[in-house]
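In: Mind looking at a prediction? Sequence and model below.
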Amino acid sequence: MKTVYDFTVKKTNGDTESLRDYEGKPLLIVNTASKCGLTPQFKGLQEMYDEYKEQGLEILGFPCGQFNNQEFDNIEETTEFCQLNYGVSFPMFAKIDVNGAKADPLFAFLKEQKGGVLTKDIKWNFTKFLVDRKGQVVKRYAPTTEPEKIKSDLDNLL
């Protein structure tokens, strides 16, 4: 059975990283954007990371500009913006597409595992996928779902 651990992703410096590095940890995988009305969710995501990282939680951020081009073109601008404005210390990865022919394979898998309402496509920035310690997608959250609302589901995985 395929899991998220079967995927390799591109880091902000262009190197690749196997998600096998996160094996055994609950994950929250999020497509992010720096210039979106939902961007303040970075604050809640960072607070969640601070609260749960000692229990193994990893939050993985994947910048995406597919929705009204609300992400910087330069990944250094993205990471600097996230760190300066929201203190983001969880891993951020290279900018990707989450829908269409060029969709990142990880996000194609996530969408296949947990489709959205009416369609499997991601409708907007800050769609979130909760992954258990075995690498299985257990829940998908709408972009407007605040990170605090995920805590009860996360508690079940810790």
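Out: Perfect, I can see it now.
In: and the residue most central in space within the chain, helix, strand or coil?
Out: Nearest residue to the geometric centre of the chain (C-alpha atoms, centre = their mean): residue 30, 1.9 Å. When classified by DSSP: H, G, I helix; E, B strand; the rest coil, residue 30 comes out as strand.
In: which residue sits closest to it in space, ignoring its chain neighbours?
Out: residue 128 (4.9 Å; C-beta to C-beta, 6 or more residues apart in numbering). Every residue, glycine included, has its C-beta placed from N, CA and C.
In: before we move on, what about residue 92?
Out: Nearest to residue 92 is residue 61, by C-beta to C-beta, 6+ apart, at 4.4 Å.
In: And the helices in this structure, which stretches?
Out: 41-52, 75-86, 105-113, 151-155 (DSSP state H).
In: For residue 73, which residues are in contact?
Out: 65, 95 (C-beta atoms under 8 Å, 6 or more residues apart in numbering).
In: Quick check on it: phi, psi?
Out: Residue 73 adopts backbone torsions of phi -70, psi -30, taken as degrees, to the nearest 10.
In: Distance of it relative to residue 34?
Out: Separation of residue 73 from residue 34 (C-beta to C-beta, to the nearest Å): 11 Å.
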